[in-house]
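> sequence unknown, structure follows:
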């Protein structure tokens, strides 16, 4: 229940844009939790549950798809992340790690479907 509440909180804060990066880390971390559940799960009923809340739920799927596209392709998100969210020397490296993890999320979703 707690994970579902956190997921709903992240979605309720609105889509990630260059003007709305407040929930960037929250969205990313909850996505990682679901990915680890998918990757390590051997219980079929849990797979069905995860499939239902992540892929069959249209609002959630659209939100994560939008988030992923923003992180992977939008230059204004990249600029905002590098100049305001993470102003450390390794910010670009961290952003690339986030991008890799977004791709891993899609790999986990594909695993869930199979």
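Looks like it arrived, so ask away. Remember, predicted model here, so these are calculated numbers, not experimental data. Numbers count the residues shown, from 1 in each chain.

> output the contacting helices and strands for the helix or strand of the chain with the lowest mean pLDDT.
Least confident helix or strand, the chain: helix 2-12 with a mean of 86, by mean pLDDT, DSSP states H and E. In terms of contacts (3 or more C-beta pairs under 8 Å, 6 or more residues apart in numbering; DSSP states H and E), helix 2-12 is packed against helix 24-40, helix 58-73. (Each C-beta comes from the backbone N, C-alpha and C, glycine too.)

> mind redoing it with 6 Å?
Contacts defined by 3 or more C-beta pairs under 6 Å, 6 or more residues apart in numbering; DSSP states H and E place helix 2-12 against helix 24-40.

> what angle separates the helix or strand just after the helix it packs on from helix 24-40?
On the C-terminal side of helix 24-40, the closest following helix or strand by DSSP states H and E is helix 44-51. If you take axes from the mean of the first three to the mean of the last three C-alpha atoms, to 10 degrees, helix 44-51 sits at 150 degrees to helix 24-40.

> pull out the buried positions in helix 44-51.
Going by neighbour count (16 or more other C-beta atoms under 10 Å), the buried part of helix 44-51 is 47, 50.
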